[in-house]
Every structure is written in C-alpha cells, then in structure tokens.
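>>> structure for this input, please:
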Amino acid sequence: MEDTEEVFEDALDDVVEATEININALNNNKPTKSSSRSFKLKNRKHDKHEKHTGSDQDISLDQGLAEAQEAIDLFFNNQFEESREIAQRHCDKSIYHALGFGTFHYLRAVMTFDQEHIEHASTVLTQSVATIDRFRRRTGGLVDTLGKMVRKQDYDSYTEMEVHAELVYAECLLLKAMLTVCEDETLVSFVKAGLKVRQCYLSFRSCWDILQTRDWVGKGDKHKNQFEGGVRLGVGTFNLVMSLLPPRITKLMEFIGFTGSRDAGLAQLLTCYRDQACLRQFLASIILLGYNLFLTHHTGQGATSDYKLVREILDSKLERYPKGAFFLFFQGRFSLVQGHCTEATEWYLKANQAQDEWPQFHHVACWEMVWSASYRCMWRESLAQASRLLEQSRWSPCLYSYLKAAYYCMLQDELTGTEVADQQHLMAAVPGLKQRIAGKSLPMEKFAIRKAERWTKQGGRLTLPGLELVYLWNGFTILGLHYEMVERFFILIEKEMEVAEQRRGKAAAKEQFQLEDDCLLLLLKGMCLKYMSAPLAAEECMRKVLANSGQLKVDKYMAPYATVELALLMIDTGDMAQAWQLLELAKNSYKDYSLQSRLHFRIHAAQNKIQAKETPGDTSQDVESIMPMKQEKGDMVRELESCTESELKEMIPHI
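Numbers count the residues shown, from 1 in each chain. Predicted structure coming up:
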C-alpha cells in the first residue's frame, strides 16, 4: 500500500503486511500545520515475543482509570479546562488519557463546527490512536495468522492492559470515523467514514468475544467491570442507532455488513448504566437521555420514551452535579417534551448561566428555546433566539436566516420599517448560504431556500411559516399534550383561512400558489383536530390534501406527509391493515420531495409499532445476536477498504 493511504486496523481480520501510516493520511490526505510528522503503525506483523512492555513513564491502568474519573467529574462540574489538562497530562503514555484528550477535542469540534477545531481534533485523535496502539496485543505474523484459522483466539494470554487497549482503540477509532464527514465534506469521505465504522464494529465484536470467553477470575483482573461496561456501551449504541434507521438507509449499512436490534441495544446500555462504579456509566446515562428525550421524538416514537428512567437518571446526576450544564440542559428538555414550556425555558437559562467557557453549548439551548417559545406562539421570543443563533453559531447560517425571517412573517402586521428591511435582506441571503455535507446539501437548508424563493414570488408573503416549522419538527406531539396550546394554533389557522378567502375574493386571477397555501392550512388544521380529540374531522382534512396532491406544483412534501398522518389516525382507530397500506404508499409512491428522509424515519417507526409484539425482544448474549455480521460481505468490503480515493470516486455511482 502507498504510505498516504488511510489504514485502520481491523480487530478480526489479520493483515500480514506492515503498513506505514502518515498523520496526513489519517486526516483524509488533508495536511495541517500540526500534522506534518509521520508515525508507524505495524499491522499484526511482530515477532511473537515482541510485546509492549512499557517504560518507566507509562501510566498504570489503575492510575489511568482513576484520573479519567477525576476528569469526568470536573467536566460535568463545568471545569472544562481543568478536565482537559488532566487528560492532556499523560495523553502520550496512557490509553485512557489518550482517549479522554481525543474525546475532549472531538466534542469541541462538533459543537463549534469550526474547521480549525475539526482539523485539530482529527490530528489529536490520530495521535491518540497511535498511543493506544502501542499497548495492544501483538501477534507473531503469518504463523499466528494461520493458527487462528483453525483455533479460537486465546484471550487468556492477553494482559489486562492489552484487553483494555483493544476496547479503547475501538472507541477512539469510532470518534475518528464520526469526525471524518465534518473534516472533508465529500461523498467519498462519507463512504470512508462508513467503512471505518464497520472496522470499529468488528473491533467491538472482538471485545465482546473477550468479555464472554476470557477467564476473568483466574486471571485476577481488577477492572473487569470497566471493560465490560465499555463493551456493553459500544455494542448497545451500535444496535440502538441501527434499529432507528429506516430501510432505505439500513440497506446500505447491511451492504457494509451489519444490522441492529433496539431491544438488544437498550438492554446493553441499561446494564452499563446500572453499574455505578463503571467509568463509562456517565456515557450510558447521556445516550439513554438522548435516546428518550431526542431520538424517539424526532423519529416519531415519543410514546415509547421511558420517562421513569429519565427521571431516575436526572435526579441522580443533578444530585452529583447540581450546577452541571449538561444535565441542567437535559432537565430542560425533559420539561419541554412534556409540554411544560415555561419551566423548560427556565432550565435552559440555568444551563447557560452555569458556564461560559463553552459558549457553543449555549446555542443548543437557544435552539430549544426557539421551539419552546413557538409552541406558545411567543413569536418575539422565537425571533430573539433565532437572531442570537444567526449572530453567534456557525452550524447553519442558511437555516437560521430563514428561521428569523419566518418569525418576522408571524409578526408581519407589527414590524417596524427596519425590521421589514431586515426581513427582505434575510430572505434574499438564504439561497447563497447553502452548505454541502458529504457532497450533499442539507435537506432543511434546501427547504429553507425553496421557502425564501417562494416568499419573493408571492410578493413578500408566506402562509404561517412558524406553524409549518413546528409541524416539520414533530412539535405537535409535544404541544398536543396541552389542549390550550393546540387551541391557540387552531385559532391562528382559522383566522388565516378567512384572510386567504378574502384575498381570493379580491384577486383578479387565481394566485400562483393558492393550492399549496390551502393544502398547508388543511394539513395544519388536521393536526390540531387530531389533538383536540376530533379524529374524523382530522381525517377529512388529510383526505382533502390527498385529493389535491396531484396538482401541487411546489411543496410536494405535503402529499406523503398527509398520507402518513392519515395512517397514524388509522393506527389510533385500530385499522392496522389500512394504516400499513398508507405507510407503504407514502414510502414507495412519492419521490424527490422536501425532507424525504425525515419522513422515512417516521414511517419506519410507525411500521415498527404495527409489527410490535408483546413478547420481549432478543436479549441473547450470543455474539451473532448482539452484533450480527453478514460474513459474505467481508471480502467485498475489504476490497473497498483498500481502494484509493480516485477508485472510490469511480465506484460511488454504482454502490
């Protein structure tokens, strides 16, 4: 292989030849000022007596774990710089310090989205991979490779440091893989990230084998619980994320070679969380909070959220970290998903006031407060939060500009001359702010651009864009918990219908987008009626949208979305057969509309609900149940891993 080629060790597949890897190669051939030197990783080609015996400077496992816990406590008490200093202190001589230092820079990179931070994080993670690799078990080349073909790996021959190094290596590679798309925004980079994730997946399979087959008692290992927690966290997260993906995405993941189970994933994460002495218990807590408070709601599965578990986690963590910004934020989200918007805003403000070292974290709470205000029709407050995001956050200036302009629309009759001019400037700027991630435009940005262009074509007017945004962000499942909030939306919709009728009566000819406006109002009205306990009236609204779907010129998303809403109404009435037919119709009969992937997540969740059985899911401890791998894909994927960037570019259209 050429020394500029990206190489990550595969924990299950033995590679005989030695490979020299340059830091620039691990940074997707993207040179940075701090990554000019190279280092060598030897892939399984070592003298069988050659092991990492360490030096006087290497940090013991006991010290590494203890200081890692100290760094975690500092981090969740908002002492971020002190936490970073502990991790950095021995990041070149300890596997847990190396992982912690890499994790710190990874979090900063994804929160700021600053290219300099992303490149630096990539360099740090590459150096962490090299440090951790020094502690991993080495095999004796070709002889050992051939021997493994006829007998199982003897994990009892590993030292305790070596088994922990395998786990930490997999965790660090996963962070590196997730950073790849941010680091190099091309489709080739996205494919490379997928291949790296597969290698991490295989590494966790190997760690699962170690957990199940090693004689932990006989070896006298002191930190089995730490290793077990890490393995269960890794395999649980893989399974959970895979289970949430709709079929159109999982087909690609199955091509890469793995699938996932929601029940198996949650079982493993809960096992890790219940071990209060485990270093990674805090990560299991955050993942479980994120799943129950964010992912379930964004994929249309809010009803499956385990609020009892959420309450337990938050009570425990806020007792330990009473001013911890992360858990104050999650407490705010917990209030929000229950429809307690005023209380949620108070918690978000507390979270922001708790620390100012990471201002980017404030933007996440600002985003939440946009919706908290929108659910209550407090458009001035939504406007203020959107303005702050536009001024301070780099995530999506395109979307933030549209949000601010959309909230101006909700206040159109009371805008000052300065605000009208600002609105015009924002709408004109939206199309030029589009970003590309993994070679593709962001779906929500494309939606914002279409709406901004529509605003111009309609002479500076949009129909209830604030309510439309709430709908598209699945906000009705939250505001629908409180009748008075839904009723407020319903009154706005009825009033807008009257205004539209008056405008139609005055117009000399039919307006260009009249049908789109009418269908949007019907869709929003139907959603209100659903949560106002009027399912038949809601169904009538959705069927009216579908009756006009063939005539929609733009906003074609409303037809498949209304189809799914109608299917969900059928599920509520117990007509599963018709609901399934409607979901299949929405999934297969509509193409190339705005926010298609977002709807496919909801379709997948609804079909899972129909198929759900009372019997519990598979929580077997067998590796093929926990981490299934389609072996026939192995040779094909290994060929992809060895492809150069130019070869990948040629192959992508055919994958």
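
>>> check contacts around Leu279.
Neighbouring residues of Leu279 by C-beta atoms under 8 Å, 6 or more residues apart in numbering: 65, 68-69, 72, 96, 226, 229-230. In this view, the C-beta of every residue, glycine as well, is placed from N, C-alpha and C.

>>> Gly230 versus that one, what's the distance?
Distance check for Leu279 against Gly230: by C-beta to C-beta, to the nearest Å, it reads 8 Å.

>>> swap in Tyr158?
Relative to Gly230, and taking C-beta to C-beta, Tyr158 is found at 15 Å.

>>> please say which of those two ends up with more neighbours.
Gly230 (26 against 19; other C-beta atoms under 10 Å).

>>> what's the more buried one in contact with, if anything?
Counting by C-beta under 8 Å, 6+ apart, the residues that Gly230 touches are 167-168, 171, 207, 272, 279-280.

>>> want to throw those into CSV with pLDDT, distance to Arg488 and secondary structure?
Below are the contacts of Gly230 laid out as CSV (pLDDT from 0 to 100; distance: C-beta to C-beta, whole Å; DSSP: H, G, I helix; E, B strand; the rest coil):
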residue, pLDDT, distance to Arg488, secondary structure
Leu167, 95, 51, helix
Val168, 95, 51, helix
Glu171, 92, 47, helix
Cys207, 93, 52, helix
Cys272, 96, 42, helix
Leu279, 94, 47, coil
Arg280, 95, 44, coil
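
>>> helix/strand/coil for Ser594?
Three-state assignment for Ser594 (DSSP: H, G, I helix; E, B strand; the rest coil): coil.

>>> I'd say it and Arg450 touch.
Yes. Using C-beta atoms under 8 Å, Ser594 is in contact with Arg450, at 6.7 Å.

>>> what residues are shared contacts of those two?
Taking C-beta under 8 Å, 6+ apart as the criterion, Ser594 and Arg450 both touch Asp555.

>>> these two - which one has more neighbours?
Ser594 (21 against 17).

>>> what count of nearby residues applies to the residue nearest to that one when sequence neighbours are not counted?
Distance criterion C-beta to C-beta, 6 or more residues apart in numbering; nearest residue to Ser594, sequence neighbours excluded, is Tyr557 at 4.3 Å. Here the number of neighbours of Tyr557 (other C-beta under 10 Å) works out to 20.

>>> likewise Arg138?
By other C-beta under 10 Å, neighbour count at Arg138 equals 19.

>>> what do you get for Met485?
Met485: 21 neighbours (other C-beta under 10 Å).

>>> what of Leu433?
Neighbour tally, Leu433, other C-beta under 10 Å: 19.

>>> residues touching the nearest residue to it once chain neighbours are set aside, list them.
Distances taken as C-beta to C-beta, 6+ apart place Cys398 nearest to Leu433, at 3.7 Å, with adjacent residues excluded. Contact analysis of Cys398 by C-beta under 8 Å, 6+ apart lists 430, 433-435, 442, 445, 448-449.

>>> separation between Cys398 and Gly466?
Distance, Cys398 to Gly466, using C-beta to C-beta: 18 Å.

>>> again, but for Ala351
24 Å.

>>> cool, and Leu492?
Taking C-beta to C-beta, one finds Leu492 at 9 Å from Gly466.

>>> and the two? which has more neighbours close in?
Gly466 (24 against 17).

>>> report the distance from stretch 462-475 to the chain centre.
22 Å (C-alpha atoms, centre = their mean, to the nearest Å).

>>> contact partners of that stretch?
If you take C-beta under 8 Å, 6+ apart as the criterion, stretch 462-475 is touched by 297-298, 300, 302, 371, 374-375, 379, 382, 403, 406-407, 409-410, 447, 451, 454-455, 476, 479, 489, 492-493, 496, 500, 517, 520-521, 523-524, 527, 595, 598, 602.

>>> how about the helices in the stretch 301-450 of the chain?
307-320, 325-337, 341-353, 359-375, 379-392, 397-410, 417-429, 443-457 (DSSP state H, counting those that start in this stretch).

>>> turn those into CSV, including distance to Tyr201 and mean pLDDT.
Formatted as CSV, these follow (distance: least, C-beta to C-beta, whole Å; pLDDT from 0 to 100):
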stretch, distance to Tyr201, mean pLDDT
helix 307-320, 26, 97
helix 325-337, 27, 97
helix 341-353, 34, 97
helix 359-375, 28, 95
helix 379-392, 35, 97
helix 397-410, 32, 97
helix 417-429, 42, 97
helix 443-457, 26, 95
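
>>> just put these in JSON lines and tack on distance to Lys506.
Formatted as JSON lines, the helices of the stretch 301-450 of the chain follow (distance: least, C-beta to C-beta, whole Å):
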{"stretch": "helix 307-320", "distance to Lys506": "50"}
{"stretch": "helix 325-337", "distance to Lys506": "41"}
{"stretch": "helix 341-353", "distance to Lys506": "38"}
{"stretch": "helix 359-375", "distance to Lys506": "30"}
{"stretch": "helix 379-392", "distance to Lys506": "26"}
{"stretch": "helix 397-410", "distance to Lys506": "20"}
{"stretch": "helix 417-429", "distance to Lys506": "22"}
{"stretch": "helix 443-457", "distance to Lys506": "19"}
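
>>> mind checking how far the closest residue to Val310 other than its chain neighbours is from Thr123?
Distances taken as C-beta to C-beta, 6+ apart put Asn292 closest to Val310, at 5.2 Å, once the chain neighbours are dropped. Here Asn292 is placed at a distance of 35 Å from Thr123 (C-beta to C-beta).

>>> neighbour count winner among these two?
Asn292 (25 against 21).

>>> so who does the more buried one touch?
305-307, 309-310.

>>> and Glu368, by the same measure?
Glu368 makes contact with 329, 332-333, 336, 344, 348, according to C-beta under 8 Å, 6+ apart.

>>> what's the closest of those to Asp422?
The closest of the contacts of Glu368 to Asp422 turns out to be Tyr348 (C-beta to C-beta; 25.4 Å).

>>> quick one: neighbours of the residue lying closest to Gln512 once chain neighbours are set aside, just the number.
The shortest distance from Gln512 to any non-neighbouring residue, by C-beta to C-beta, 6+ apart, is to Lys457 (6.9 Å). Here the count is done by other C-beta under 10 Å, and Lys457 has 11 residues near it.

>>> how near is Lys457 to Tyr106?
Distance from Lys457 to Tyr106, by C-beta to C-beta: 43 Å.

>>> any idea of the mean pLDDT in the host helix or strand of Ala586?
Assigned by DSSP states H and E, Ala586 belongs to helix 576-588. Over the span of helix 576-588, the pLDDT mean works out to 95.

>>> got it, and stretch 540-558?
Here the average pLDDT along stretch 540-558 is 93.

>>> residues contacting that stretch, please?
450, 454, 513, 515-516, 518-520, 522-523, 525-526, 529, 559, 562-563, 565-566, 569, 590, 592-596, 599.
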